[in-house]
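In: Sequence and predicted structure are below.
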Amino acid sequence: QVQPEESGGGLVQPGDSLRLSCATSGRTATIYAMAWFRQAPGKEREFVASISGTGQYTYYTDSVKGRFTISRGNAKNTVFLQMTKLRPDDTAVYYCAAGRSFGKMASQFAYWGQGTQVTVSS
C-alpha cells in the first residue's frame, strides 16, 4: 500500500496558475491510477481529474476542462495537477488519491492524502 502526500497549495488571485504535486510513500511494485478530488466548505468531495497507471488516459470534470492538466511524474506513483485560469469557485481542499482501478469515483481509490488548501481570492 501507499500513502499519498500533497504539496503546492496556497493563496492565489483569480486568473493565476498553481501546480499541485503528490508523492507517495511506501514500498510497492504496483503502478496505481492516480486522481485529484476537492472539497469546498459546506460541499461534498468532488472528482477533479484522474490518470491511468500508464498515463495514457485521463478524465476531467467539466468545470476544469481546458484549465487543469493532470500528469504523472517520473517517480513511481507521483502525480501533478497544473491549474491555470483559477477562479474563486476552485477554492477547496485538494486531495490526492491512488487506486488499482482507473475512474472518477472516490470508491475506486483506496489511498488518500491529507489534502492541501487552495484559495483563489482577490
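Out: Sure, I can see it. Numbers count the residues shown, from 1 in each chain.
In: what residue ranges in this structure are flagged as low confidence?
Out: Under the criterion pLDDT under 70, no range of the chain is flagged.
In: which residues in it form strands?
Out: 3-7, 10-12, 18-25, 33-39, 46-51, 58-60, 68-72, 79-83, 92-99, 111-112, 116-120 (DSSP state E).
In: Flag every buried residue along the third one.
Out: I take that to be strand 18-25. For strand 18-25, the neighbour count (16 or more other C-beta atoms under 10 Å) marks 18, 20-24 as buried. Quick note: C-beta positions are derived from backbone N, CA and C, even for glycine.
In: With just CA atoms, put that strand into PDB.
Out: What follows is strand 18-25, C-alpha atoms only, in PDB (Å, rounded to 0.1, in the frame of the first residue of the first chain):
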ATOM      1  CA  LEU A  18      -0.800  26.900  -9.400                       C
ATOM      2  CA  ARG A  19       0.800  23.400  -9.600                       C
ATOM      3  CA  LEU A  20      -0.100  20.700  -7.100                       C
ATOM      4  CA  SER A  21       2.200  17.800  -6.500                       C
ATOM      5  CA  CYS A  22       1.500  14.400  -5.000                       C
ATOM      6  CA  ALA A  23       4.200  11.900  -4.000                       C
ATOM      7  CA  THR A  24       3.500   8.500  -2.400                       C
ATOM      8  CA  SER A  25       5.400   6.800   0.300                       C
END
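In: Walk me through which strands it pairs with, and which way each runs.
Out: strand 3-7 (antiparallel), strand 79-83 (antiparallel) (DSSP bridges).
In: and for that strand, what are the contacting residues?
Out: 2-10, 12, 32, 34, 36, 73, 75-83, 86, 94, 96, 98, 111, 113, 116, 118 (C-beta atoms under 8 Å, 6 or more residues apart in numbering).
In: Just the buried ones from the residues you listed?
Out: The buried subset of these - by 16+ other C-beta under 10 Å - is 2, 4, 6, 8-9, 12, 32, 34, 36, 77-81, 83, 86, 94, 96, 98, 111, 113, 116, 118.
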